[in-house]
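Engineer: fold the following for me, if possible:
(2 chains)
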Amino acid sequence: MTGVVLAFLGAALAVILAGLGSAIGVGLVGECAAGVITEDPDKFGQTLLLQALPGTQGIYGLLTGFLIMQKVGIIGGALVDLTLHQGFYILMAALPITVVGYLSAICQGKAAAAGVGLIAKRPEELGKAIVYAVMVETYAVLALLASIMLLFGIVI
Amino acid sequence: MPIVDMQKISLFAHQQEKDQIVNILQDLGSVELVDLKESRDWEEMQALLRPEEATEETARLETSLGEIRYCLDFLQRHFPLRKSFVEQFTGSKISISMEEYADFVARGEEARNVFEVCREVDTGLTNLRNEETRCHNLLAGLLPWADFSLPLEEVKDTPRLKMQLLAVPVDRLKDLQENLAEYTPEHHLEVVSAGRELANFFCIYFSKDEMRVRDLWKETGVTEVHFPGMTGTITQSIEKLEGKIEGIQRERENLRQKVVGLLARRTHLMAYHDHLKGLLAQKKAIGNLARTDAAFLLEGWVPEPLVADLKKMLSEKTETALLIVRDPEPDEDAPVLLENNRVTDAYEVVTRMYSTPRRHEPDPTPLMAPFFFVFFGMCLSDAGYGVILSLLAYFLTRKMKLKGMGKQLIKLLFLGGISAFLAGILMGSWFGDLINIRPLWFNPLDDPMRMLIVSCILGGVHIFTGMGVQAYQNIRGGKILDAVFDQGLWYLFLIGLVMLFLPQWSSPGKWMAIAGAVGLVLTQGRSQEGIFKKFSSGLVSLYDVTGFLSDVLSYSRLLALGLATGVIASAINTMAGLLGGGVVGTIVVIFILLVGHSFNLAINTLGAYVHTSRLQYIEFFGKFFEGGGRPFRPFSKTTKFVEIGEREA
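Structural biologist: Model prediction:
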C-alpha cells in the first residue's frame, strides 16, 4: 500500500499549492479592485472578470487531484493497491501543475492587478488588460496539460 | 468589402445656415469632422479668416450642464439607480420616445428650478447633519449625569460653600474619597455614575478649604464638568435634546420627501443633459470651421455609401451649401470603418479589442471568425453547456436593447454556444458525463494524444492562413519576391519538416525541408550588407523554426481547456452522486448540480473567450496584422443617459 500514500501526497500537493497560489493571486487583484470601486462602483463587473483570471490555477490543481483520486479508486471504485513505483509516477505527474500552478497564479494576479489599474482610467481597454493576464496563464495550461498526459500515461 | 471606403468632403456655405448645417450633420451622424487648424492648407487659409467667435454661449451651456450633473449626482447619492451585473458591461440607458424627448427639451428651463431645490435641500441636509452631531455630542456629555437630580442653576457657589460637578478616573475614586476625608472632613461627595473610564461626582465643601481641595483635584486628576447655558435638571435637558434630535430627524424626512418629489424629474434631467451635451458638441464642432464674414468652410470624412444621403439632405434643407467630394490621397490619415456581414460582425469586437486595421490593410475579422468559432467550441466542448450559453445569450438580446460592442459580444457568445454544442456532440460530452450519449467522433478523455494532434493541426492551419494573408499582402503591394522568400520558402521548409515525420512521405519531405532551408539561408539576409553578413543572418533566421514550434504547441490549450471542462463537470456529477436517497438527498443533489455546473460554465466560458482571443492576437494576428488605424468617429448625437426611440406614427 506504500504507493497509495505517495499518490495521496501528489493529489494533496496539487490541490494545496495550486489553490494557495490562486488564493494569493485572486486576493491581490481583489485589493486593487476594491480601491477602484470606491471611486466608481459601476466597474464591479469588469474588475470581477479580471479577478477571476488567476483563479483558474486552483481549479487546474483540483482537477489534477480528482484525476489522481479516480486513478487510485477513491472516487467511483475500490482503493487500488499501488506499488512504490506507481506511487512515485503519480506523485511526479502531479508536480508540473503543483509548482507552475502556484507560482503562475501569483504572477498572473500581479498582471491582473495592474490591469485593474488600467481599466480604472480606460475602461474601454478591458480586452487588453485581460490579454496581459492570459499571457501568464498559458504556462499554467501547459503545465496542466503535462500533468494530465503523464497521468493518462500511467498504467495501473 | 470589410473596410468601407472613405471620402473627404469640403463643404462651403453661408454663415446664416451654419447652425442649420451643423444640426443636419449631427442628426445624420455620418461625418467625421476634421479640425482645419491641423490641415496642411491652414497656414495659407489663416490670413483670410476671422478669429474664433466669443464663446459666451459655450460657457452658458457648460454652466447649465454642470448644474444638471450636480442634480443628477445629488439624486444618485440619495436614491441611487443601481446597474445590474450585465449592465455594468453593456451600459444602460432609459428609453424615451421622440415626443417625450422633445417635450423635455422644450421645458428645459425647469431644470433650473430643480437645481435650486436640490441645492436648497443639500444645504439644508448639511446643516441638519451638523446640528445633529452637536446635539449627539452634548447628549453624550449629559447622559452620565442623568441621575443627578439638582437643577443646574442651583449648583453655584455661596459665600461659604463651593459646589462642583467633577469627574475622576474610576481607579482613583477610592483614593480620592479617602484623601478628601483626611483634608476636609466636612464635605459632601455624591457619586452620580461610574463608567468604564470616568466616575462622575458632585461635591460640596467649605470655601476656606478651597486651596487644599484644589491641590487634591490636581493630584488625583480630577476635572471640572460644566454645562454652560443650561438650566433645569439634567433629565430635563436630556429630554429637550432628544426632542430636538427627533425634530431634526423629522425635518430630514421632510427634506427627503422633497427629494422624492424630484425623483420624477430624473428622466427629464437626463434627457436635458443629453440635449445640452449635443448642443455643446455642436459648438465645439463650429470651432473646427474656417470662416470669413459671410461664409464658412468645413472638412470631414464620410463613408462612401453615405455620401448620397448627405448630398440629398443638404440640397433639400439648405440653399447655399456647396459640397465637394473627393477620394482620399494615399498619405492622408483617413479613419477606418469596418463592415462585416450579419454573422461575422460578432467577431469585430475581437478585432477591435486588439486594434483597428490600418487604412490599406484588409480587415482580419472575416478570416478570423471561423477559427474563433471552432476554437471557442473546442475549449468549452460540452453540448449541454453550449445549449445553455446560447439560450442565455438569446434571452439577453431579447431582454435588453444592446448596441455596438455589447451586442456583438452577446452574439459572439451565442455563436460560441452553438460551436460548443457541436463540439460536445462530436466528443460525447453532455454536462460532463451526466447524460451518457456516445460521441460521434471520439472522447478526448479516452485518447488525449489524438486530440492533442488535432489541436496542433488546427493550429498549423491557423498559422499558415496567417502567413498566407501576409503573402497576399506582399503580392498586392508589388513585393512578389518578399512573398516567395519570406512566406513561400517557410511554407516549403515547414511542410517538409512535418512530412519528415510521416513514414510514407518522409523522403520527399526531406528534400523539401532541405530545399526550403537552403533557400532561407540564402535569402533571409538579403537586406544586409556584405556577403558574410547576408549568409550569417540567413543562417540565424532558421532559428525562427522554434518560434513556429512554440506557436503550434500553444494550441495544445484547446485540448487542456476542453479536458478541464469535461473533468470538472464529471467531478461535480460524482460529488452529487455520492449523496442522494430520500427527499432531502434529492434536493441536495439538484442543488449541487445546479450550482456546480453554473460555476463551471461561467469559468470555462471566460476561459474559452480569453484563450481563443489570445490565439488570435498572438499566434494569428502576429503573422500579418499590424493595426493602429484610427476608428471612424462620426460627429453625432451621443447620449449618456437616455435612448430616444423612433417617432411614433
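Engineer: and whatever helix or strand residue A:151 lives in, what's buried?
Structural biologist: Using DSSP states H and E, residue A:151 sits within helix A:126-153. Residues of helix A:126-153 classed as buried: A:126-134, A:136-152 (neighbour count, 16 or more other Cβ atoms under 10 Å in any protein chain shown). (Glycine included, C-beta is placed from N, CA and C.)
Engineer: now the end-to-end length of stretch B:394-405.
Structural biologist: End-to-end span of stretch B:394-405 (Cα to Cα, to the nearest Å): 16 Å.
Engineer: so for the helix holding residue A:151, mean pLDDT?
Structural biologist: For helix A:126-153, the mean pLDDT works out to 88.
Engineer: so, in contact with chain B or not, that helix?
Structural biologist: Yes. Helix A:126-153 lies within reach of chain B by Cβ under 8 Å from any Cβ of the partner chain, at A:126-128, A:130-131, A:134-135, A:137-138, A:141-142, A:144-145, A:148-149, A:152.
Engineer: do the same with stretch A:102-112
Structural biologist: No. With Cβ under 8 Å from any Cβ as the criterion, chain B is not reached by stretch A:102-112; the gap is at least 11.0 Å.
Engineer: show me what contacts the most centrally placed residue in chain A?
Structural biologist: Central residue of chain A (Cα atoms, centre = their mean): residue A:57, 1.1 Å from the mean position. For residue A:57, the contacting residues are A:18-19, A:21-22, A:25, A:97, A:101-102, A:104-105, A:108, A:137, A:140, by Cβ atoms under 8 Å, 6 or more residues apart in numbering or on different chains.
Engineer: so it sits in a strand?
Structural biologist: No. Assessed with DSSP: H, G, I helix; E, B strand; the rest coil, residue A:57 is helix; it does not lie in a strand.
Engineer: residues contacting stretch B:519-537, please?
Structural biologist: Contacts of stretch B:519-537 (Cβ under 8 Å, 6+ apart): B:485, B:486, B:489, B:490, B:492, B:493, B:538, B:539, B:541, B:542.
Engineer: rerun at 10 Å
Structural biologist: B:481-482, B:484-486, B:488-490, B:492-493, B:538-542, B:544-545 (Cβ atoms under 10 Å, 6 or more residues apart in numbering or on different chains).
Engineer: same check on stretch B:260-272?
Structural biologist: Taking Cβ under 10 Å, 6+ apart as the rule, stretch B:260-272 contacts B:64-65, B:67-69, B:71-72, B:74-76, B:78-79, B:81, B:93-94, B:96, B:100-105, B:107-111, B:113-115, B:117-118, B:121, B:639-642, B:644.
Engineer: any idea how far apart the tips of that stretch sit?
Structural biologist: 19 Å.
Engineer: run the chain-centre distance for that stretch.
Structural biologist: Mean-position distance between stretch B:260-272 and its chain equals 25 Å (Cα atoms, centre = their mean, to the nearest Å).
Engineer: what about it, average pLDDT?
Structural biologist: pLDDT averaged over stretch B:260-272 gives 83.
Engineer: okay, buried residues for it please.
Structural biologist: B:262, B:265, B:266, B:267, B:268, B:269, B:270, B:271, B:272.
Engineer: ok, stretch B:25-33 next?
Structural biologist: Quick answer for stretch B:25-33 (16+ other Cβ under 10 Å): B:25, B:26, B:28, B:30, B:31, B:32, B:33.
Engineer: how about the nearest residue to the fifth one once chain neighbours are set aside, phi and psi?
Structural biologist: Nearest residue to residue B:31 in three dimensions, chain neighbours excluded: residue B:300, at 4.4 Å (Cβ to Cβ, 6 or more residues apart in numbering or on different chains). Its backbone dihedrals place residue B:300 at phi -170, psi 180, with angles given as degrees, to the nearest 10.
Engineer: ok, now how distant is residue B:300 from residue B:8?
Structural biologist: In this view, residue B:300 and residue B:8 are 8 Å apart by Cβ to Cβ, to the nearest Å.
Engineer: so for stretch B:470-489, mean pLDDT?
Structural biologist: Per-residue scores along stretch B:470-489 average to 87.
Engineer: before we move on, what about stretch B:300-317?
Structural biologist: So the average pLDDT for stretch B:300-317 ends up being 86.
Engineer: and that stretch, which residues are buried?
Structural biologist: For stretch B:300-317, by 16+ other Cβ under 10 Å, it's B:300, B:301, B:302, B:303, B:306, B:307, B:310, B:313, B:314.
Engineer: my read is that the fifth one contacts residue B:300, right?
Structural biologist: What it means is residue B:306. No. Residue B:306 lies out of contact with residue B:300 (Cβ atoms under 10 Å); the separation is 11.5 Å.
Engineer: list residues touching both of those two?
Structural biologist: Common neighbours of residue B:306 and residue B:300 (Cβ under 10 Å, 6+ apart) are B:7, B:30, B:31, B:634.
Engineer: list just the nearest of those to chain A.
Structural biologist: residue B:634 (17.2 Å; Cβ to the nearest Cβ).
Engineer: so that closest one sits right up against residue B:301, yeah?
Structural biologist: Yes. Contact criterion Cβ under 10 Å: residue B:634 and residue B:301 qualify, at 8.5 Å.
Engineer: and the residue of chain A closest to chain B?
Structural biologist: Counting by Cβ to the nearest Cβ, chain A gets nearest to chain B through residue A:127 (3.0 Å).
Engineer: separation between that residue and residue A:31?
Structural biologist: Distance, residue A:127 to residue A:31, using Cβ to Cβ: 23 Å.
Engineer: same list (the buried residues of stretch B:300-317) but as a markdown table, adding secondary structure.
Structural biologist: Shown next, in a markdown table, are the buried residues of stretch B:300-317 (three-state DSSP):
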| residue | secondary structure |
| --- | --- |
| B:300 | strand |
| B:301 | strand |
| B:302 | strand |
| B:303 | strand |
| B:306 | helix |
| B:307 | helix |
| B:310 | helix |
| B:313 | helix |
| B:314 | helix |
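Engineer: what is the neighbour count of whichever residue of chain B sits closest to chain A?
Structural biologist: In chain B, the residue that lies nearest chain A is residue B:353 (3.0 Å; Cβ to the nearest Cβ). Look at residue B:353: counted by other Cβ atoms under 10 Å in any protein chain shown, it has 19 neighbours.
Engineer: output the lowest mean pLDDT helix or strand found in chain A.
Structural biologist: helix A:44-52 (a mean of 84; mean pLDDT, DSSP states H and E).
Engineer: please see if that one touches chain B.
Structural biologist: Yes. Judged by Cβ under 10 Å from any Cβ of the partner chain, helix A:44-52 comes into contact with chain B at A:44, A:45, A:46, A:47, A:48, A:49, A:52.
Engineer: in ChimeraX, select just the buried ones from these.
Structural biologist: The buried subset of the residues of helix A:44-52 next to chain B, as determined by 16+ other Cβ under 10 Å, is captured in ChimeraX by this line:
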select /A:45,46,47,49,52
